[in-house]
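[1] Next comes the sequence, and after it the predicted model I'd like to discuss.
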Amino acid sequence: ATEDNSKKAEAEENGDAKYLRLMAEFQNYKKRVAKEKSDIHSYANEKIVTELLEVLDNFERALATDNSTDVEGYAQGMKLIFDQLLGVLTKSGLVEMKALGEEFDPNMHNAVMTADSEEYDSNKVCSVLQKGYTLNGKVIRPSMVTVAK
């Protein structure tokens with residue numbers, strides 16, 4: 001009977017040790033996954049910031065030049081930089097939401113006014129005061145709109 005009890009005690013100790021090892025492995029796994037997630041987030045930020053630095057450089061060059069004589073050239077340069085910035089953001093998953101003429105949707109639009117409109121039916125967006133955007137399918141800024149009465 002004592003031999004049976006000692007075998008039971010040994011089996012319990014082995015089970016406890018296995019359980020403790022398994023718990024430690026699981027904790028290490030959770031820490032590793034959290035670090036990998038953080039690293040991925042940091043890498044993604046680094047990539048877009050690096051691309052935005054090129055846009056920043058172009059703004060600095062444009063601001064450093066004497067634009068008093070060639071206003072049209074300056075405006076064209078600003079348009080090119082704007083397009084470059086938009087390209088970086090689009091490549092990162094940013095999409096402008098179409099709002100004008102659309103049915104008002106509180107998930108995508110922030111109605112700040114209503115107005116009488118002959119051009120648009122009731123509850124349709126009749127003017128956009130600020131564009132809205134999605135990032136990888138998620139609304140990150142709703143469009144600020146006027147809705148037809």
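    On my side now, so go ahead. Numbers count the residues shown, from 1 in each chain.

[2] State which helix of this protein is the longest.
    Ranked by residue count under DSSP state H, the longest helix found in the chain is helix 2-64.

[3] Remind me what the helix or strand of the chain at the bottom of the mean pLDDT ranking packs against, helices and strands.
    Within the chain, judged by mean pLDDT, DSSP states H and E, the helix or strand with the poorest mean is helix 2-64; its value is a mean of 86. Helices and strands touching helix 2-64, by 3 or more Cβ pairs under 8 Å, 6 or more residues apart in numbering; DSSP states H and E, are helix 71-91. Any C-beta I mention is one placed from the backbone N, CA and C, and that applies to glycine too.

[4] from the middle of its chain, how far away would stretch 30-38 be?
    Here stretch 30-38 shows a centroid-to-chain-centroid distance of 20 Å under the convention Cα atoms, centre = their mean, to the nearest Å.

[5] With stretch 81-100 instead?
    Remark: stretch 81-100 is offset 12 Å from the chain centroid, using Cα atoms, centre = their mean.

[6] At the geometric centre of this structure, which residue do we find?
    The residue lying closest to the centre of the chain (Cα atoms, centre = their mean) is residue 135, at 5.0 Å.

[7] so that residue makes contact with residue 93?
    Yes - using Cβ atoms under 8 Å, residue 135 makes contact with residue 93 at a distance of 5.2 Å.
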